[in-house]
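Colleague: got a predicted model here, sequence first, then my questions.
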Amino acid sequence: MEAVITFSEVSVVIGSVTLLDRLNLTLGPGQPTVVIGPNGSGKTTLLRAAMGLVTPDRGSISGVAKHRAIMFQHPVMLRRSVAANLDYALKAAGVSRAGRQARLGELLALVGLADLAGRPARRLSGGERQRLALARALARDPDVLFLDEPTASLDPAATKAFEDLIRTIAARQIKVVMATHDLGEARRLAGDVVLLHRGRLVEAGAAPQFFEAPRTDDARRFLAGELLL
Amino acid sequence: MAENASALQLLLTGDPALLAIVRLSLAVSLSAVACAALLGIPLGALLALTRFPGRGAVIVTVNAMMGLPPVMVGLALYLALSRSGPLGSWGLLFTPLAMVAAQTVLVLPIIAALTRQTIEDLWLEYRDELAAMNVGVMGRIGTLVWDARFSLVTAVLAGFGRAAAEVGAVIIVGGNIDGFTRVMTTAIALETSKGSLPLAVGLGVILLAIIIIINTVAWTVRRAGERMSG
């Protein structure tokens, strides 16, 4: 299987803080990869580096994924309607005027916002905002989609709706790479798990094996709910 | 204008001379604000979004120019537009166009500086999203200016306030010619120097009322727009 994205000896340093430390990691196609770890472990930096928003100070990131998209933890809604937000993303992705109308309807229906197309995006609820942000990311027609703690501020019902969407997207052969600190969510969604701590890769592997028989002490402690310091 | 009549009486009776002054005042100031906005908003946005050597010095200079003394601007334009000046052949001195140019110079730094600050603040919020969408510099400027449009109304109103209240520059380059370049502020200065204080005060009240009305309309439009677009 060809790697979607490969990190080779990747380090990211801001000032005196090392956010990623000589990271070697290969993300393959298929089921979602869930990146877990405590706060400050480098989850967000890993996604941003893979997206090209952060340039590694050392090492390289390669892979076959041509179209990449990201959804941030706190997505910014442009000051316009739901439909106009999505139309903006489609236009930025280079979709022709003729193609935008059909794609817009399709994406709004996918994320369940067709009835709110005309509403100002800044008036949406938290869950609706996350779904609009997801639709905007999908406007790029990505091979790989990075999601940075997309359900961190959602209630259980909105979380369930969003997780269902992630499964739908993954079923469409889009590689999902999602950061979360919610172990329950990781268990529900992950095909593969990556555990980071202090910018270093602690353990990576198939989800069933990781949750049932972790190979490292840090992973065992993390799964047991102990604090990794 | 009748010497002994009050400004209110003249306004209520539709005195042609007074109405011409009010009309010219609005035409000059609104034209100057429009020109300054057309130049100042893109300039401020460009300053907010680009990085180049000496950018800090440019920002400080633009900010400092918000306090440009009007008489200095008037004098500089007078020298440029006078018959022996580099632009003397244009024949603009003592015309409303020269007054528009003077007020544009005064208003431009205000709109550019306030736009730069507004867009820079919004850019911090939008940076990641627009970068992730691969939006280019010109697209970013367009997006940020559009999304900051309601805040930029305040910058434009500040510019209008400066233009409408200004007297030093327009009296130098306009000459306060009765029926041709006389505006409210220069008329107030003239009536005061003649001792016609009631007329001068009345003109001042009318000027203030016009400024308040324009600000009220702009504020109402802004609120309505914000409600509609979120």
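Modeller: Received, thanks.

Colleague: distance of A:Asn39 from chain B?
Modeller: Shown here: A:Asn39 relative to chain B, a distance of 19 Å by CB to the nearest CB, to the nearest Å. From N, CA and C alone the C-beta is placed, and that goes for glycine too.

Colleague: go ahead and confirm that residue touches A:His181.
Modeller: Yes: counting by CB atoms under 8 Å, A:Asn39 does reach A:His181; the two are 7.0 Å apart.

Colleague: beta-bridge partners for the residue of chain A found nearest chain B, please?
Modeller: Taking CB to the nearest CB, chain B has its nearest neighbour within chain A at A:Pro120, 2.6 Å off. Beta-bridge pairing for A:Pro120 (DSSP bridges): A:Ser81.

Colleague: now do the same contact list for it.
Modeller: A:79-82, B:228-230 (CB atoms under 8 Å, 6 or more residues apart in numbering or on different chains).

Colleague: repeat that with 6 Å
Modeller: A:Pro120 makes contacts with A:81, B:229-230, as judged by CB atoms under 6 Å, 6 or more residues apart in numbering or on different chains.

Colleague: likewise A:Phe72?
Modeller: A:148, B:128.

Colleague: pLDDT score for it?
Modeller: The score at A:Phe72 is 96. That number is its pLDDT.

Colleague: please report the distance of it from A:Arg187.
Modeller: According to CB to CB, to the nearest Å, A:Phe72 and A:Arg187 sit 24 Å apart.

Colleague: I'd say B:Val100 and B:Val28 touch.
Modeller: Yes: using CB atoms under 6 Å, B:Val100 makes contact with B:Val28 at a distance of 5.5 Å.

Colleague: which one's more surrounded, A:Asn39 and A:His181?
Modeller: A:His181 (15 against 7; other CB atoms under 10 Å in any protein chain shown).

Colleague: which SS class is the more buried one?
Modeller: Under DSSP: H, G, I helix; E, B strand; the rest coil, the three-state class of A:His181 is coil.

Colleague: buried set for stretch B:209-216?
Modeller: By 16 or more other CB atoms under 10 Å in any protein chain shown, the buried positions in stretch B:209-216 come out as B:210-211, B:214.

Colleague: out of these, which is nearest to chain A?
Modeller: When the buried residues of stretch B:209-216 are compared against chain A (criterion: CB to the nearest CB), the nearest one is B:Ile214, at 24.2 Å.

Colleague: just the pLDDT for that closest one.
Modeller: The model reports B:Ile214 with a pLDDT of 92.

Colleague: next: the one 10 residues further on.
Modeller: pLDDT, B:Ala224: 87.

Colleague: also B:Val217?
Modeller: B:Val217 is assigned 92 on the pLDDT scale.

Colleague: and for B:Gly202?
Modeller: pLDDT at B:Gly202 comes out at 85.

Colleague: count the residues that sit near it.
Modeller: B:Gly202 has 21 neighbours, counted by other CB under 10 Å.

Colleague: where does it sit: helix, strand or coil?
Modeller: Under three-state DSSP, B:Gly202 comes out as helix.

Colleague: is it true that it touches B:Leu8?
Modeller: Yes: here B:Gly202 reaches B:Leu8: they are 5.5 Å apart, a contact under CB under 6 Å.

Colleague: distance check, the residue of chain A closest to chain B against A:Arg129.
Modeller: As judged by CB to CB, A:Pro120 and A:Arg129 stand 11 Å apart.

Colleague: ok, now B:Phe160?
Modeller: Using CB to CB, B:Phe160 is found at 36 Å from A:Arg129.

Colleague: for burial, what's the neighbour tally of residue 200?
Modeller: In the absence of a named chain, chain A is used. By other CB under 10 Å, 16 other residues sit near A:Arg200.

Colleague: was after chain B, sorry
Modeller: For B:Ala200, the neighbour count with other CB under 10 Å is 19.

Colleague: contacting residues around A:Gly199?
Modeller: Applying CB under 6 Å, 6+ apart to A:Gly199 gives the contacts A:18-21, A:42.

Colleague: for it, phi and psi?
Modeller: Dihedral angles of A:Gly199 (phi, psi; degrees, to the nearest 10) stand at phi 80, psi 0.

Colleague: got a pLDDT number for the residue located most distally from the centre of chain A?
Modeller: What lies farthest from the middle of chain A is A:Ala98; by CA atoms, centre = their mean that is 29.3 Å. With respect to pLDDT, A:Ala98 scores 91.

Colleague: what helix or strand is it located in?
Modeller: Per DSSP states H and E: A:Ala98 is located in helix A:97-110.

Colleague: need the residues that contact that helix.
Modeller: Residues from elsewhere that reach helix A:97-110 (CB under 6 Å, 6+ apart): A:86-87, A:90, A:95, A:114, A:117, A:135, A:138.

Colleague: kindly report the same for stretch A:176-191.
Modeller: Contact with stretch A:176-191 is made by A:30-36, A:43, A:47, A:145-149, A:166, A:170, A:207, as judged by CB under 6 Å, 6+ apart.
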